[in-house]
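*Asks:* Build me a model from this:
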Amino acid sequence: MTVTEPFTHHSFYHLRSPAQVTSLNFDNLDIYTRYRGHPELDRLDHIRLLQHELGAALAAGGRCSAIIHGEIIQAICAVTPLAWDSEHFGQKMAKISISSCPAVAPKTLQLLAEKTVMAANLGREVHISCEVDIDNYLCLNTLLSMGAEILDLKREYRAKSLKNVPPPKFRAYVRPYTEADRDSILEILDYSFFATRFSRDSILCHQKSQQLYRQWMKKILDRSDEERTALVVEKAGVVLACGTIEAQDLRFAGVDLQLMSGGIYVSRSDATGYYYPVIYELIQTALTHYSTAQTCISLNNHAAVRVLEKMNFGTNSTRYALRLAR
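*Replies:* Got it, this is the predicted structure:
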C-alpha cells in the first residue's frame, strides 16, 4: 500500500480512505474499546471496532493520521466531525480517537494528535471531546498535555446472568411502557438534572445539555419493541420512573455480536428506590434475547453504582470523558 502525504517526520502519514486504514497492521497497538473484557470478543474484534471508528471519521469528512513503520502502525489518531451534536448545540463539535503502542514517546504522540486536529481544519472554535480508557495512561497524559480537561469518569457494567442476584423489592410496580406513558415520562425529564460531562462543560449551553436527555429518551421510545425495551414504574396510577435499554448489533463493524446496551433511566425526585427493580427487569428481559447486556454509568451517580456493584456485574471498561481546550 502507498500512503500519501507524509508529515515532516518520515513515518507520519495522513490516511485517505477506510480501505487504507484496514490494510495496515494494528498488532502493535494497545486497543481499549467500550467492550473491553467481553467474553465473546477477541483481539481481532477490538481491532475491527477501532478500524470502523477510524474509517467512520474519514467517511464523515474528518482526518485520520498515523505513525507507520513499514506496514505496521505505531500510533493512530482520527478527528470525526459530529453533525448531530453540532446542530443541537449550535457550534462545531468533533471527537478525537487515539491509540498507540507503548514505545511511542509522549511528545511524538502529542505531535501526531496536534497535526491531526490541524489537518481536520475545523477552526479554533471547534469543541473536541474524547474518551480514554482508565488504563490507557499514554494517551490520557498526551491529551492532558494538550490542555484537555477531565469532565467525567464512566464505567460499563456487563451482565451475562442474574443467577445469585437477589430479586429486588417493588418489582410489582414495574410494567412495560405504553405510548400512553410518553407525556408523563417527558414531564419527568423536564424536571430532571443529569450530572455528566455535558453539564460540567463550561463551553456548552446548560439548557441544551439537559435537553440532550429528552431527545435521547424520545429517540429510544420511538424505536420498535424489537429494538428496545422500555419499562415504567407505576404506583396508584402515577408513572414515577422509566428505564430503557437498546438492542445493538456490532456486525456493522464486522464483529459478530448482538447485545442490549446503553439506555437511560429517569425518575421523579420523590420516587427513590426504583432503580434496582427497573434495571433488574431490564436485564432479565434483555437476557431472554441476547447473551449479554450492559449499561454505562457515570461514577458520580453513586446510587446507581451501589446498585450495580451489589448485583456484582463486570466492570472491565472504565473511561475518562475529556474535552480539549481550544
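*Asks:* Which residues are in contact with residue 117?
*Replies:* Contact analysis of residue 117 by C-beta atoms under 8 Å, 6 or more residues apart in numbering lists 79, 96, 128, 324. Yep, even glycine has a C-beta here, placed from its N, CA and C like the rest.
*Asks:* helix/strand/coil for the spatially closest residue to the last one that is not a sequence neighbour?
*Replies:* Put plainly, it is residue 324. Nearest residue to residue 324, sequence neighbours excluded (C-beta to C-beta, 6 or more residues apart in numbering): residue 128, at 4.2 Å. Classification of residue 128 by DSSP: H, G, I helix; E, B strand; the rest coil places it in strand.
*Asks:* Compute the number of surrounding residues for residue 128.
*Replies:* Neighbours of residue 128 under the rule other C-beta atoms under 10 Å: 23.
*Asks:* So for the residue nearest the centre of the chain, what's the nearest residue that isn't a sequence neighbour?
*Replies:* Centrality entry for the chain: nearest residue to the mean C-alpha point is residue 34, 6.9 Å, by C-alpha atoms, centre = their mean. Nearest non-adjacent residue to residue 34, counting by C-beta to C-beta, 6+ apart: residue 317, 5.2 Å away.
*Asks:* Now do residue 158 against residue 12, distance only.
*Replies:* Residue 158 is 37 Å from residue 12, where distance means C-beta to C-beta, to the nearest Å.
*Asks:* Where does residue 52 sit: helix, strand or coil?
*Replies:* Residue 52 ends up helix, using three-state DSSP.
*Asks:* Return the residues in contact with it.
*Replies:* The contact partners of residue 52, by C-beta under 8 Å, 6+ apart, come to 252, 253, 254.
*Asks:* neighbour-wise, which of the residues you listed leads?
*Replies:* Highest neighbour count within the contacts of residue 52: residue 253, with 19 neighbours (other C-beta under 10 Å).
*Asks:* what comes up buried for stretch 290-305?
*Replies:* For stretch 290-305, the neighbour count (16 or more other C-beta atoms under 10 Å) marks 290, 292, 293, 294, 295, 297, 298, 301, 304, 305 as buried.
*Asks:* Can you list which of those residues are found in helices?
*Replies:* Under the assignment DSSP state H, these contribute 304, 305 to helices.
*Asks:* what's near enough to touch the closest residue to residue 135 other than its chain neighbours?
*Replies:* Residue nearest to residue 135 in three dimensions, not counting chain neighbours: residue 32, with 6.8 Å by C-beta to C-beta, 6+ apart. The contact partners of residue 32, taken as C-beta under 8 Å, 6+ apart, are 46, 99, 132, 133, 135, 136, 317, 319.
*Asks:* State the distance from residue 32 to residue 12.
*Replies:* 23 Å.
*Asks:* Distance check, residue 136 against residue 143.
*Replies:* In this view, residue 136 and residue 143 are 10 Å apart by C-beta to C-beta.
*Asks:* wait, I meant residue 115
*Replies:* 14 Å.
*Asks:* For the closest residue to residue 100 other than its chain neighbours, what is the enclosing helix or strand?
*Replies:* Excluding the flanking residues, the one nearest residue 100 by C-beta to C-beta, 6+ apart is residue 75, at 3.9 Å. Per DSSP states H and E, residue 75 falls inside strand 72-81.
*Asks:* other SSEs contacting that strand?
*Replies:* helix 43-59, strand 63-69, strand 93-100, helix 106-120 (3 or more C-beta pairs under 8 Å, 6 or more residues apart in numbering; DSSP states H and E).
*Asks:* Which neighbouring elements make contact with the next helix-or-strand element following that strand?
*Replies:* Next helix or strand after strand 72-81 toward the C-terminus (DSSP H and E): helix 83-89. For helix 83-89, the elements it packs on are helix 206-222, judged by 3+ C-beta pairs under 8 Å, 6+ apart.
*Asks:* quick one: average confidence on the helix it packs on?
*Replies:* When pLDDT is averaged over helix 206-222, the result is 92.
*Asks:* now residue 36, nearest residue through space, not along the chain?
*Replies:* Residue 36 sits nearest to residue 317 (C-beta to C-beta, 6+ apart), 4.2 Å away.
*Asks:* Show the average pLDDT along the helix or strand encompassing the one you found.
*Replies:* Residue 317 belongs to strand 314-324 when assigned by DSSP H and E. For strand 314-324, the mean per-residue pLDDT is 90.
*Asks:* Does residue 163 belong to a helix, a strand or coil?
*Replies:* At residue 163 the chain is in coil, as set by three-state DSSP.
*Asks:* Use 3 as the first number for this chain going forward.
*Replies:* New numbering, starting at 3: the last item is residue 165.
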